[in-house]
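In: The following block contains a protein sequence and its predicted model.
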Amino acid sequence: MADIRIAGRAHDITPFHVMDILAKAKKLEQQGRDIIHMEVGEPDFATPQAIIDAGVEALKSGKTHYTPALGLPELRHAISKWYADRYGIEVSSNRIVVTPGASGALLLVVGALAERDKKVLLADPGYPCNRNFARFVEAEAMSVSVNCDSHYQLTANDIEHYWDDDTVMALVASPSNPTGTILSLQQMIALSDAVSRRNGHLVVDEIYHGLTYDGIDAQTILAVNQDGFVINSFSKYFGMTGWRLGWLVVPERYISVMDRLAQNLFLAAPTMSQYAALAAFQTDTLDELERRRHVFEQRRNLVLPALRQLGFDIPVTPEGAFYVYANCAKLVTDTYPDSMALCDYLLTEAGVAITPGLDFGHNNPQQHCRFAYTTNSERIIEAVERIAQALHKLQH
Ligand SMILES: Cc1ncc(COP(=O)(O)O)c(C=O)c1O
C-alpha cells in the first residue's frame, strides 16, 4: 500500500464512532433487519415546503452565482429582524455573517480567535467537532468535565479554575448536544462576566434554539453580552441540514476579519440555500416549525420516562434539542462492559441504533449513550419495547 503523508493536524482529527454503528446498521438493513434509528442528529421532518419552493424558484430564476462573502444582504436583514422579533433585541445586520452551516461559522470563529498554543475551553461531554476545530488551527482544546450539578454546562467556577494566560475563548452550546440542557439566564450572566473579566471571548452555539420545551424559551447570549459571538444555523430548528446554511453574529469590529476569512475559506454560503432561507421566517413556515417543536416535545415526554424505567439514569431533564444523554452504568454486564459494547449489542439484538458516549469526549463516555428522538412516536415506543426485551435477555 502506498504510504500517505498528511499533516499532523489532519492525522489527529477523530472520526465519529457512531459511523461504525451506522455502517453496521446499514449492513443489518441490507440483510432485511428493521433498524430503528435513534442515532441521527437531524430532524426527521422534511424542509418546510415554502423554503423548498423558494429554493426551487431561486434556481429557476438563475440565482446560481456567488453572493457576497458575508451573505445575501436580504438574508442578513431577515436574521437581524429575527433577533428583534424573537428575542426583542437589536442586532445590526452588519454583524451577521451567513455561513455554510454552523460548521462554517465554527471554522470562522475558531480560525479568527484561536491559534497555536492558545487554549479553547469546552464542555465535556460536548459537540465532538469543537475539539477538532481547535486542533485544526493548532490550538489546544481544554475539555472541562461537566456534570449534572451544572446541567452539563460550563460554569463561572470552571472559568476561574481552568482559564490561564494562554486561554483565549470558551465555547459552549445551549441547548447542548448531547445533553439537551440549557444555560439559564443567571448561568449566562455569570459565565459571560467571568470570561469578560479575563478579557476572553465567549462563543455560544445556539444551533438548537427554537427546540426548547416546558415553556422555556432560551435567551440568546447577545441579550446578556453584545460582545459575545453566536453560532446558529438553519439546520435543526428550520429543518435544513442538507442545505448547508448557518450564521454567525460577531461584534462589529470583528466583521472585517470574518469577511476576509469567509472570502478565502469558502467564498460564500450556497446561493440557492440563502434565497430559500428567506422563506424560513414567514408566518406559515414558523407556524409549521412550532407544530414540529410540539411533536419533539411529545416525543421527549415519551422517551424520557421510558428510558428511566428501563434503568438508564438521566439525572437532568433535557429541556431542548432532540437528545437524551443517558447513563447506562446499571445496565452493562461482564459480557457488554461499556456503552460501546452495549450500543453494539442493542443494535444487533434489538435493532435500535444509538450513539455511544465516546463520541462526545473523555468524561466517563463508557457509561453514557445518546438517544436522538428524531423518529416518530410509534417507532420510539417500538424501540423502547425492543430494548426492554434485549436488556431482559442480557440480565437473565
Ligand atoms: C452543537 C452543534 N453545533 C454545530 C453543528 C453543525 O451543524 P450544521 O449542520 O449547521 O453545520 C451541530 C450538528 O449536529 C451541532 O450539534
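Out: Alright, I've got the coordinates. Just so we're clear, the structure is a prediction, and the values are computed from it rather than from any experiment.

In: How about the residues of the stretch 51-200 of the chain by the ligand?
Out: Within the stretch 51-200 of the chain, the residues that sit near the ligand (CB under 6 Å from any ligand atom) are 101-103, 127, 173, 177. Just so you know, the C-beta spots here come from the backbone N, C-alpha and C atoms, and that holds for glycine as well.

In: Could you tell me which residues of the stretch 201-350 of the chain lie near the ligand?
Out: Residues of the stretch 201-350 of the chain lying close to the ligand by CB under 6 Å from any ligand atom are 205, 207, 233, 235, 241, 246.

In: so the first one touches residue 126, yeah?
Out: What that stands for is residue 205. No. Look at residue 205 against residue 126 with CB atoms under 8 Å: they stay out of range, at 9.2 Å.

In: For the two, list the residues in contact with both.
Out: residue 173 (CB atoms under 8 Å, 6 or more residues apart in numbering).

In: Identify the residues contacting residue 225.
Out: So residue 225 contacts 188, 192, 196, 202 (CB under 8 Å, 6+ apart).

In: And the helix or strand hosting residue 158, what's buried?
Out: Under the criterion of DSSP states H and E, residue 158 resides in helix 156-162. By 16 or more other CB atoms under 10 Å, the buried positions in helix 156-162 come out as 156, 158-159.

In: Now the most centrally placed residue in the chain, what are its backbone angles?
Out: Closest to where the C-alpha atoms of the chain average out (CA atoms, centre = their mean) is residue 177, at 4.9 Å. Torsion angles at residue 177 (phi, psi; degrees, to the nearest 10) stand at phi -110, psi 120.

In: got it, and residue 48?
Out: The phi/psi pair for residue 48 (degrees, to the nearest 10) is phi -50, psi 140.

In: Kindly provide the distance from the spatially closest residue to residue 43 that is not a sequence neighbour to the ligand.
Out: Among residues not flanking residue 43 along the chain, residue 239 sits closest, at 4.9 Å (CB to CB, 6 or more residues apart in numbering). For residue 239, the distance to the ligand equals 11 Å [CB to the nearest ligand atom, to the nearest Å].

In: can you tell me the helix or strand for residue 239?
Out: Using DSSP H and E, no helix or strand contains residue 239.

In: Just the ones in strands from the contacts of residue 225, please.
Out: Judged by DSSP state E, strands contain the following of the contacts of residue 225: residue 202.

In: Just flag the most distant two among the contacts of residue 225.
Out: 188 and 196 (11.9 Å; CB to CB).

In: The two - which one has more neighbours?
Out: Per other CB atoms under 10 Å, whichever of residue 188 and residue 196 has more neighbours is residue 188, with 24 against 14.

In: So that one is in contact with residue 219, correct?
Out: Yes. Counting by CB under 8 Å, residue 188 touches residue 219, with 7.0 Å between them.

In: my guess is residue 74 meets residue 278, correct?
Out: Yes. In this structure, residue 74 is within contact of residue 278 by CB under 8 Å, at 6.1 Å.

In: More neighbours: these two, which one.
Out: residue 278 (18 against 14).

In: ok so, going back, what's the following helix or strand after the helix holding residue 158?
Out: Heading C-terminal from helix 156-162 (DSSP H and E), you reach strand 167-173.

In: can I have that following strand written out in PDB, keeping just the CAs?
Out: Taking C-alpha atoms only, strand 167-173 is exported to PDB below (Å, rounded to 0.1, in the frame of the first residue of the first chain):
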ATOM      1  CA  THR A 167      -6.800  30.700  27.100                       C
ATOM      2  CA  VAL A 168      -8.500  32.800  24.500                       C
ATOM      3  CA  MET A 169     -12.000  31.600  24.400                       C
ATOM      4  CA  ALA A 170     -14.800  29.500  25.900                       C
ATOM      5  CA  LEU A 171     -17.100  27.700  23.500                       C
ATOM      6  CA  VAL A 172     -20.400  26.400  24.900                       C
ATOM      7  CA  ALA A 173     -23.700  25.200  23.400                       C
END
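
In: Output the contacting helices and strands for that strand.
Out: Counting contacts by 3 or more CB pairs under 8 Å, 6 or more residues apart in numbering; DSSP states H and E, strand 167-173 packs against helix 101-113, strand 119-124, helix 185-197, strand 201-205.

In: Just put these in CSV and tack on mean pLDDT.
Out: Conversion of the helices and strands packed on strand 167-173 to CSV gives the following (pLDDT from 0 to 100):
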stretch, mean pLDDT
helix 101-113, 98
strand 119-124, 98
helix 185-197, 97
strand 201-205, 98
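
In: Would you mind finding the most buried of these?
Out: strand 201-205 (a mean of 26; mean count of other CB atoms under 10 Å).

In: Strand partners (parallel or antiparallel) of it?
Out: Strand 201-205 pairs in its sheet with strand 167-173 (parallel), strand 229-233 (parallel), by DSSP bridges.

In: taking those strands together, which one is wrapped up most tightly?
Out: strand 229-233 (a mean of 26).

In: Moving along the chain from that one, name the first helix or strand you hit.
Out: Immediately after strand 229-233, counting by DSSP H and E, sits strand 246-249.
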